[in-house]
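1. sequence plus predicted model, see below.
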Amino acid sequence: MSEQFLYTTPLDPRAKPLIEGLTFEYDSRYGDVMREPGQPREMERYPAEAFAPSHGGNFVLLLRDGVAIGGGAFMRHDERTAELKRVWTHADLRRQGLASKVLAELEAQVLRQGYERIYLTTGFRQPEAVGLYLGHGYTALFDPPIDPETPRKLPFEKYLDTGRAHGHVRPVAQQIEAVQR
């Protein structure tokens, strides 16, 4: 059993399980609860280019024996901030630490691309995502006691250790190692 990360695009055929899994997840948990009339569905809100390095983003798949079992993406939020999107693990493989692996890889790539901060939102019906982010040092930008039936997005942020404190910049390899711990 071999696992590897592959940086690619949401249009890559290997990304199909991620896209289909997330679409099913969002549709089954939320339906149209969070969508304003006339607005696109969540998985249609951002073009593939938003996750391209040339636009300040990236898209990664976690492959096991060549098959996507997890993945995620980020896009430029502002000059210093990347916004995480599309973090996913295959429904049959959850509770194995795959989301933590994907999150650590995304954080490392965010650092490699020069960002200092990560911003993200998750939905009010995704308590496992809330637990993942809180457990990995993200700060909730909302009141954490969540009523699971109050429709809202739940924003988080995390400042990454860029090594710039006191004028000292650590080599990227050390920064990435710190994120993966």
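-> That came through, no problem.

2. for the chain, longest strand please?
-> The longest strand of the chain (DSSP state E) is strand 67-78.

3. pLDDT value on the spatially closest residue to Ala50 that is not a sequence neighbour, please?
-> Spatially, and ignoring its direct neighbours in sequence, Ala50 is nearest to Met75 (4.5 Å; C-beta to C-beta, 6 or more residues apart in numbering). Just so you know, the C-beta spots here come from the backbone N, C-alpha and C atoms, and that holds for glycine as well. Met75 is assigned a predicted lDDT (pLDDT) of 97.

4. correct me, but Met75 touches Gly56?
-> Yes - counting by C-beta atoms under 8 Å, Met75 sits close enough to Gly56 to count as a contact (6.7 Å).

5. and for the two, which residues touch both?
-> Taking C-beta atoms under 8 Å, 6 or more residues apart in numbering as the contact criterion, the common neighbours of Met75 and Gly56 are Ala82.

6. thinking again about what came up before, list the contacts of the residue nearest to Ala50.
-> Going by C-beta under 8 Å, 6+ apart, Met75 touches 46, 50-51, 55-57, 82-83, 85.

7. next: Pro53.
-> For Pro53, the residues meeting the contact criterion (C-beta under 8 Å, 6+ apart) are Gln113.

8. and the pLDDT for it?
-> Per-residue confidence at Pro53 stands at 96 (pLDDT).

9. same deal with Arg29?
-> Arg29 carries a pLDDT score of 77 in this model.

10. just checking, what packs against whatever helix or strand it lives in?
-> Per DSSP states H and E, Arg29 falls inside helix 16-30. Of the remaining helices and strands, those touching helix 16-30 by 3 or more C-beta pairs under 8 Å, 6 or more residues apart in numbering; DSSP states H and E are strand 67-78, strand 81-89, strand 117-123.

11. one step back: and the residue nearest to Ala50, how far from Ala48?
-> When distances are taken as C-beta to C-beta, to the nearest Å, Met75 and Ala48 turn out to be 11 Å apart.

12. now Val60
-> Taking C-beta to C-beta as the measure, Val60 and Ala48 are separated by 14 Å.

13. what about those two, which has more around it?
-> The neighbour comparison of Val60 against Ala48 (other C-beta atoms under 10 Å) goes to Val60, with 24 against 15.

14. related to what we said a few turns ago, out of the helices and strands packed on helix 16-30, deepest packed?
-> Ranked by mean neighbour count under mean count of other C-beta atoms under 10 Å, the helices and strands packed on helix 16-30 are led by strand 81-89, which reaches a mean of 23.

15. hey, where'd the helices end up in this protein?
-> When assigned using DSSP state H, the helices of the chain occupy the ranges 16-30, 98-112, 127-135, 172-180.

16. so who does Thr139 touch?
-> Taking C-beta under 8 Å, 6+ apart as the contact definition, Thr139 lies against 156-158.
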